[in-house]
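[1] how would this look folded up:
(one chain, ligands or ions: 1)
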Amino acid sequence: MQPDAPIFDPEAFRLTAQEAALAARAREFGQAVLAPRAARWDREASFPTENYRDMHANGLLGICIPEEEGGLGAGYRAYCLAAAEMGRYCGATALTWNMHVCSTLWTGALTEDLEMDAATRAAHRRRRRLHYGRILRDGAVYAQPFSEGGAAAAGTAAFGTTARRVPGGYVVNGKKIFASLAGHADFYGVLCTETREGEERLSRRDTLYLAIPRDAPGVAVEGEWDPLGMRGTVSRNLVFRDVFVEEDAALMPPGLYFQAAGRWPHMFLTLSPTYMGLAQAAYDFTVRYLRGEWPGTPPVKRRMYPTKQIAVAEMRIMLEQTRTLWFQAITEAGPDPTKEQVLRAWAAQHTVMENAAALAAKAVRTCGGQAMLKSLPLERIYRDARCGSLMLPWTAELCLDRIGREALYEKGETD
Ligand SMILES: Cc1cc2nc3c(=O)[nH]c(=O)nc-3n(C[C@H](O)[C@H](O)[C@H](O)COP(=O)(O)OP(=O)(O)OC[C@H]3O[C@@H](n4cnc5c(N)ncnc54)[C@H](O)[C@@H]3O)c2cc1C
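    All right, here's what the predicted structure looks like:
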């Protein structure tokens, strides 16, 4: 197959040389390595371990680790552009890669924008170096289990998973659901709430972000995994029973996650690149298929029918709208965004997640019956794309909820 064109043309979107190079690296890797294997993880609902070995060899596990620490040094936008290219070829790999990469992006480029006193920053830099070293040297993979089935992952309540300070570290107790990479990550980057003697109420201000080794005594993976889509994410439940972790397990100093969530809200937009890639994949498939050019299918052309042309035109318009809004939102990411920028970030998240599913549905209808056979990627794209709107904290519903409220009320106003 011909090499795919970039989702975001470097000249048209005025990408930096680094952004263009990283997106190209991800695209070439995705097309050559991820695409041929994607059907297998989906069919088996198995974790793409081979992909992770190859991503380590390619440097992609360290994409957001600063260059001076030995990584590829991608900032937020460079990462998003590369991640969209990965999502084009294997949704499950791109989504789990996002969980892993956030453990480096959030502790790296993002924390540089946050306030810490000098001693705290020095301790943070020393700790994250340990964790970067494991990734670059050993190919260690990190998961990001936040969800607990309640309002905590929606960002409106404290995490019920707790960490109690003990000499030398913390003791963690709790349960996470939908933990992508469960049983396959080397470390679980767990969000939990620090508890103190005599304080009963849990507070979001006391959120800790701890890297728990997979083989720490008291860690268990539970439950079945047989979902509609994103099957290769293996998002089973994790249980922590009196798990001891050392103080150096802290991926962020106490209080910093709370500061990040308030001051750097685009950190929660990082689930969207995968789905931006899936939206592009649904469109790409449709064009190739209607031209009679999809490998392994008979060279039957279907492009001459006006109804199919109109459907492709509508898909193209939706894709352009999705790409441009999303590009603007990832361009604006940074500390202390304006209200307008936050509204746009929610709108971009909602648009990508809903439009990826809509584009995939339209692709199935337009291409026709033979196109939805499991020997072709479209039906997998359709199922994977369906998952985007469900992902907390910015589900499609919560984006609508917040946009509506924030658009109508200024700070301090009530009725
Ligand atoms: C393929 C896949 C992979 C995932 N991987 C991970 C992962 O690696 N790590 C991780 O942490 N999570 C992951 N998730 C979980 C995801 O982010 C959600 O937490 C999960 O889908 C929530 O399921 P639920 O049925 O509890 O959702 P819901 O019931 O929709 O939401 C849970 C809670 O959020 C609050 N809430 C939801 N909607 C609203 C609303 N409109 N208004 C107010 N409050 C609301 C409510 O308190 C509700 O009980 C993954 C999900 C999928 C589909």
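
[2] tell me the SS of residue 212?
    strand (DSSP: H, G, I helix; E, B strand; the rest coil).

[3] is it in a bridge, and if so with what?
    Counting by DSSP bridges, residue 212 forms beta bridges with residue 188.

[4] was I right about it contacting residue 187?
    Yes: Residue 212 is within contact range of residue 187, at 6.5 Å (criterion: C-beta atoms under 8 Å). All C-beta atoms are positioned from the backbone trio N, CA, C, and that covers glycine.

[5] the ligand contacts on the stretch 1-150 of the chain?
    Residues of the stretch 1-150 of the chain lying near the ligand by C-beta under 6 Å from any ligand atom: 99, 144-147, 149-150.

[6] among the residues you listed, which one has the most neighbours?
    Within these, most neighbours by other C-beta atoms under 10 Å means residue 145, with 29 neighbours.

[7] for that one, list the residues it contacts.
    Counting by C-beta atoms under 8 Å, 6 or more residues apart in numbering, residue 145 makes contact with 176, 178-180, 182, 188-191, 238.

[8] let's see 6 Å
    Contacts for residue 145 (C-beta atoms under 6 Å, 6 or more residues apart in numbering) come out as 176, 179, 188, 190, 238.

[9] coming back round to it: which of the residues of the stretch 1-150 of the chain next to the ligand lies closest to residue 304?
    When those are compared for distance to residue 304 (C-beta to C-beta), residue 99 wins out at 44.1 Å.

[10] now do the closest residue to that closest one other than its chain neighbours, the pLDDT please.
    Excluding its sequence neighbours, the residue lying closest to residue 99 (C-beta to C-beta, 6 or more residues apart in numbering) is residue 144, at 3.8 Å. At residue 144, the pLDDT value in this model is 97.

[11] correct me if wrong: residue 144 contacts residue 191.
    No: Residue 144 is beyond contact range of residue 191, at 8.2 Å (criterion: C-beta atoms under 6 Å).

[12] can you point out the buried residues in the lowest-mean-pLDDT helix or strand in the chain?
    Using mean pLDDT, DSSP states H and E, the weakest-scoring helix or strand in the chain turns out to be helix 109-112, at a mean of 94. Of all the residues in helix 109-112, those buried under the rule 16 or more other C-beta atoms under 10 Å are 109-111.

[13] and the furthest pair within the contacts of residue 145?
    So, those by C-beta to C-beta: farthest apart are 179 and 190, at 8.9 Å.

[14] which two of the residues of the stretch 1-150 of the chain next to the ligand have the greatest separation?
    Longest span within those, C-beta to C-beta: 99 and 150, 19.9 Å.

[15] rewinding a little: spit out the residues that contact residue 212 and residue 187 alike.
    What both residue 212 and residue 187 touch, as defined by C-beta under 6 Å, 6+ apart, is an empty set.

[16] would you say residue 133 is within a strand?
    No: under three-state DSSP, residue 133 sits outside any strand and is assigned helix.

[17] tell me how many other residues surround it.
    14.

[18] check whether stretch 376-383 contacts the ligand.
    No: Stretch 376-383 does not reach the ligand (C-beta under 6 Å from any ligand atom); its nearest approach is 10.3 Å.

[19] swap that for stretch 220-235, sorry
    Yes: Stretch 220-235 is in contact with the ligand by C-beta under 6 Å from any ligand atom, via 230, 233, 235.

[20] what's the answer for stretch 269-289, then?
    No: with C-beta under 6 Å from any ligand atom as the criterion, the ligand is not reached by stretch 269-289; the gap is at least 7.6 Å.
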